[in-house]
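S.K.: Turn this into a structure:
(chains A and B)
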Amino acid sequence: MVNVLPSDDYRRLAVPKPAKLPRGADALAHRALGWWHRRPRQLEALRRDAAAVDAKSGEFEMLDDAALRGRLAELSVPYRLGRDALRPETAIDALAAVREAAHRQTGLRPFVVQLMGALALDRGFLAEMATGEGKTLTAALAAILAGWRGRPCHIITVNDYLAERDAKWFAKLYAFAGLTVGHVISSMEEAERREGYATDVTYTTGKEVVADFLRDRLRLGPIHHPDRRLIRQLVQSHGAGHQELVMRGLHAAIIDEADSLLIDEAVTPLIICQPRTGDSMIEASKIAAELGGRLQSGLDYQVNWRHREVELLDAAFVKLQAAASGMPQAWSGLARRRELVTQALVARELFERNRQYVVQEGKVVIVDEFTGRLMPQRTWREGLHQAIEAKEGLEITAPTEILARLSFQRYYRGYRRLSGMSGTVLESANELWQIYRLPVVAIPTNRPCVRIQLPDRSFADAESKWQAVVEEIATVHASDRPVLVGTRSVAASEALARRLGERGLGCEVLNAVRHAEEARIVARAGELGRITIATNMAGRGTDILLGKDVAAAGGLHVIATEPNESGRVDRQLSGRAGRQGNPGSARRFVSMEDDLLRRFLPAMLRQRVGKKLGGGDAESKAISARGAVRYAQFAAQWLAARQRAAVLRNDTWLEEALSFAGPDVGG
Amino acid sequence: MTESSRTFSDVWYRVARQTVTLRPRVEVRRQVFRGEPWHVLYDPFNNQFFRVRPEAYAFIARLRPDRTVEDAWKETLDDDPDGAPGQEDVIQLLAQLYHANLLHYKVAADSEQFFARYRKRKQRERLFTWSNLMFARFPLLDPDAALNRAEPVLRWLFRPWAAVVWCGVVGWALKTCIDHSAELGAASGNVLAASNLVLLYLGIVLVKSLHELGHAAACKHFGGEVHTLGLMLLFFSPLPYVDVTSSWAFRERWRRIAVASAGVVAELFVAGLAALFWASAGPGFWRDLAFDMMIAAGVTTVLFNANPLLRYDGYYVLSDLIDLPNLYQRAQQMLHYLAEKHLFGVRGAPAVADSPRERGWLATYGVLSLVYRVFVFTGIVWVISGRFLIVGALIAVFCAAAWGVAPLIRFGHYLVASPRLERTRGRALGVTSGLAAVALLGLFLIPAPQRLQATGVVQSTAFADVTIGVDGQLEKLETPGGTNVKAGQPLARLHNGELVHQIAAARAQLEELEALWRAGLHQGSRTRVALEEGIAAVRARVQDLEERQTKLVVTAPISGLWVGPREDELLGRWLTRGTALGSIVGSAGFEFLAVVPQADSSRLFAHETTASHATVRLHGQADAALPVSGLVVIQAEQSRLPSAALAQNAGGEIALARDAGREPIAAESFFEVRAGIEPQPGALLYQGLTGRISFPLPAEPLGLQWLRALRQVFQKRSIN
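M.R.: Here you go, the predicted model:
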């Protein structure tokens, strides 16, 4: 692909600068504007228009395939010309035709609520759609309209499996609508990626798309802005061609599981780095790990669980003073030594094997805490990764040098047309508006949900909780219903599997370490008598199809073994049961020793609730346990929201403060 | 942005490969503050200063066009592993240098951001101007060239003999003022009178212009540059100012001090001249102007300029003397730090002070200046709002917004959202609400003693006017005024010629009638009876006239001090009956006549029994509180003051009615309260002495007391 027109450059390179977060009175006004955009009338309009689409569908049912194809081509014209917004009927006609095409090509006939969802996506909303309502198809409908505009449309989902599956699933539909579709997943090489992005609609994951964007920016060199590049081309006459670029610019994006991508994972920066050579860090990390090993918790240092920090006490300094020798020159200062030792202690105290990371083939591999997936490409920030390697006694890898870095949050803010879908997002409506200017709209469900949410069971200590979990699994298993158990860490999933084994219950474990069998395990999880233990990775997007006779037996039973930091994640997991009108039930287990409560419930309160759970009547136990979990989740969300805002502000500040160093990737 | 300083930073890659240096024009000087070495980067183009520690400078000095930031940092780290700044520090440092326009860099910077930054700065300046309307500054012109030309002349002001002259003038003026202190005190009561305002403002402008000229001349003399002369709004009154910040770059401390104090020196000299003129000149415009200049210079010097607790000249002098630059900001930070550390339990906040001594200075200064500022601003607002109706209310509202509401909002935001409180927000909220609750409880629940004060005047109870009983010409003053007399002692003698004639005529008539009566003894009884009646009538008349004659000698009605006229004043004058010749003040007892304004009277009436334990303090003997006995409230509004000494124009507190003329008629009517007082050792009582009476009222929470005071102020406004 050789660029011909300057406008092509613009499309590829220009990334609109997102507005700064408003502050003070502006923030209030902005928030009010958000309320206005989310007003109930919006939903009414969607409902009315979806009904109009539904009424119009009959017109296309009569056409044969060739005629429908012709009509689709006709209807795509106003989109390509950028005139689709001029007449409201354009979208209604187009969607009605696309609906018919979807019916013919996939065998699924989009429901009216899915039409509402597609309209919402097309209009730049974030649509809340209940789990199991066919979000994937909804996104495809909207993506066809977006693809017709002639600008690349990215459908961003949570994992490679989904991206690949959906791209293949809807390939025929897109082709029928005159569009090309591709996907980009982590295992692909550059050429494949370029091919994937060259299509009208691209299915990919957040990580891939941000990484490709960053790599493109690195290829561009110091000058990103198309204006400047054009001037340079004019002046230097040898053009910096873009044939080496992979992506075609940021235009439209439809984000699946938007709450996860736009909120939970939004501030984790994606980093592109290369190993740094000739560094004394390796040696220093070893010494620090050894030094840290001599220190005692409580005596030499204190661990702050809530903020995940370690603080050295005075006693530690004496020991540090003594241990100055042996450190490489650059690390011989007290402050530097202190920092390294603190890091070693953080690695020891706050990072657990099989929770935050696993060790595979002599390497530390990070586990994503939200999705439970392995992140083999990722490393922790400078020094920490080495500290963990030192702690595990592994060979220490050379520290890396960051070449480019971008938070997902900033990346998504760069899309011109952003829209998204999620099962659970209303709680965060304010934040989504504030940061992404995305108004949230709740699409009603197609069929009433018949999932039974059983009351929580709460315990003072973890041991009795796990026993009760095993009991519950055994009880439900006895009735032959399939059980899905969600755990928060790899370690917990393995431990539970062991317990079940002792009881003679066979189970499948789906976690980061055993991710290879994911598709197979998921496919069978809904069969009669199955017990499946999964880390959080099962909560997102996976559709557990019920086997034969399962619905009659009462459907899938989902057990959450621990409350998550946000109620959204809990609800995602419960949402695996009772999908698409099937029966099902879900229950959550809580113990006062769970991570969430340890971190976010004040110690005094935690003790009191724990004592209460030891004895007392069931009613008051349930109330206090529920209150404790709610409070802890609220505190966790509050802290997280504030951290996200702080990251964005910090990014903006950096952008300004370091503009002497040339534009960052976002600019 | 970042609190901790980690060795590595996630964003290091942004700067690592850049080559940046200081701009070539930047001058670097080594300066020692409080025994600590610093490097001051100074950009003469835009008069920007930037102060860095030697460790940071060690890094800056290594920045060269032929090496990257990364190289420079690594070299610094190898040289001094302990002191070298971490990557985060380096990024901070570079960002600050860039913002101060001290950095030279290769990459074309984001020009859009330049404009955004410029707009933001302008916006902030505008906002600053508006939010500091009380102290807003408007630069007008550049006096540097003019000062350069005037320098040869101004140079003479910095010779030793100038100091001698200054000491002479100021010393003599001080002595003159002490000599005229009584007059000074009386006249100063009128300074804020509406009729004097224009003159006062003129005086202030004159004094302040010379003050600023003093700064400018000193700055020029010691080698600085003065590029801005402008107008500053000080409480809405425009005053001149000059910008002598270039003197901050003077290396010698005493020169900086000299420039900072030159203003006050010039001002005091002018005030001294004005005082001398005022003391010797006759009444008139120039004398009034001199007086106002003197007062303006004196008051502003003591309260503002020379006072280090506000950020005027004295502050800079002090900050140079104790070698603590940015004293004010750092003292504020120190208070924040202390509050965060001890009240909110924030740990790991960067320490503000480097040594215990510095800590002491900063904390002390912080507290004192805070208290003083509150005191001065409240005082100013109080005085102004008391005197000037609309302007006063405007200023009060404005100050309440700027110094009350806005900081409260900021504090609230800080409490809820500051990342510094992330760890201890619960405690911070708890402590704050606890303190607020305690304060509110204290204000609204705990009764505080309450007193009502009123001014008044001492009168003697044994007090008698000496009046003329019979018309007559004053012939002689038997007893001169000012002597103690006994009751009945003749004081003056009058002469009434007509009376003498009348007596003579009446006596002659009596003799005639008596003669007729004797001659007619043998006549008929009817005639006799008629004559006898006539004789009796005439005799009575004689008696009456003779009695009146005795009244020509004026005697003392009671014993006491005879307060009479000077003899030469009235001698030979014709005095009609009833004229007061003087009075006699007995030493038997005194009473205090207090003037209670209407607004306070209802409280006094309601609590008359408690109020009866009032005490009186007299001017000049304020240490003695005199108990009162027999409190009587005269239940009728009055407007004529019992003594002219209570009126504002005589140094009292009561405003007079505009159309009062020479009569002491109060602008607002009042109630009179009489209370008997006894002399005490150490307290001399005499007629006409003014003082204050203080009535104890039932205790009431302070908050309620203040609310009522506020309501009264507004009530007064609405009546006016």
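S.K.: Report pLDDT for residue 489.
M.R.: The chain I'm using is chain A. Looking at residue A:489, its pLDDT is 82.
S.K.: Chain B is the one I meant
M.R.: Here the pLDDT value assigned to residue B:489 is 84.
S.K.: ok, which stretches of the stretch 601-720 of chain B are strands?
M.R.: For the stretch 601-720 of chain B, applying DSSP state E, counting those that start in this stretch gives strands covering B:615-618, B:621-640, B:665-677, B:690-701.
S.K.: Tell me the buried residues in the longest helix seen in chain B?
M.R.: The longest helix of chain B (DSSP state H) is helix B:356-387. Neighbour counts over helix B:356-387 (16 or more other C-beta atoms under 10 Å in any protein chain shown) mark B:358-359, B:361-363, B:365-366, B:369, B:377, B:380-381, B:384-385 as buried. Any C-beta I mention is one placed from the backbone N, CA and C, and that applies to glycine too.
S.K.: what's the closest of those residues to residue B:413?
M.R.: Comparing the buried residues of helix B:356-387 against residue B:413 with C-beta to C-beta places residue B:366 closest, at 21.8 Å.
S.K.: what's the neighbour count on residue A:282?
M.R.: Using other C-beta atoms under 10 Å in any protein chain shown, residue A:282 is surrounded by 16 other residues.
S.K.: So it is in contact with residue A:398, correct?
M.R.: Yes: the pair formed by residue A:282 and residue A:398 meets the contact definition of C-beta atoms under 8 Å, at 6.7 Å.
S.K.: Return the residues of the stretch 351-500 of chain B in contact with chain A.
M.R.: Residues of the stretch 351-500 of chain B lying near chain A by C-beta under 8 Å from any C-beta of the partner chain: B:417, B:419, B:422, B:423, B:426.
S.K.: The closest residue to chain B within the stretch 151-300 of chain A: what secondary structure?
M.R.: Per C-beta to the nearest C-beta, residue A:222 is where the stretch 151-300 of chain A lies closest to chain B, at 6.1 Å. What DSSP: H, G, I helix; E, B strand; the rest coil gives for residue A:222 is coil.
S.K.: Which pLDDT value belongs to it?
M.R.: 70.
S.K.: Could you report the neighbour count for it?
M.R.: Neighbour count of residue A:222, defined by other C-beta under 10 Å: 13.
S.K.: How about residue A:436?
M.R.: Neighbour count of residue A:436, defined by other C-beta under 10 Å: 22.
S.K.: Okay, domains of the chain per the record?
M.R.: Using chain A. Listed domain ranges for chain A are A:22-271+A:408-442, A:277-398, A:451-632 (source: automatic domain parsing).
S.K.: I was thinking of chain B, sorry if that wasn't clear
M.R.: According to automatic domain parsing, chain B comprises the domains B:12-109, B:133-321, B:324-438, B:464-579, B:585-719.
S.K.: Arrange those domains in a markdown table, one row each, with distance to residue A:299 as further columns.
M.R.: Listed next are those as a markdown table, based on distance: least, C-beta to C-beta, whole Å:
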| stretch | distance to residue A:299 |
| --- | --- |
| domain B:12-109 | 26 |
| domain B:133-321 | 45 |
| domain B:324-438 | 18 |
| domain B:464-579 | 89 |
| domain B:585-719 | 51 |
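S.K.: Ok, which of those domains comes nearest residue A:530?
M.R.: Nearest to residue A:530, of all these, is domain B:324-438, at 44.5 Å by C-beta to C-beta.
S.K.: starting at the chain centroid, how far to that closest one?
M.R.: Chain-centre distance of domain B:324-438: 24 Å, with C-alpha atoms, centre = their mean, to the nearest Å.
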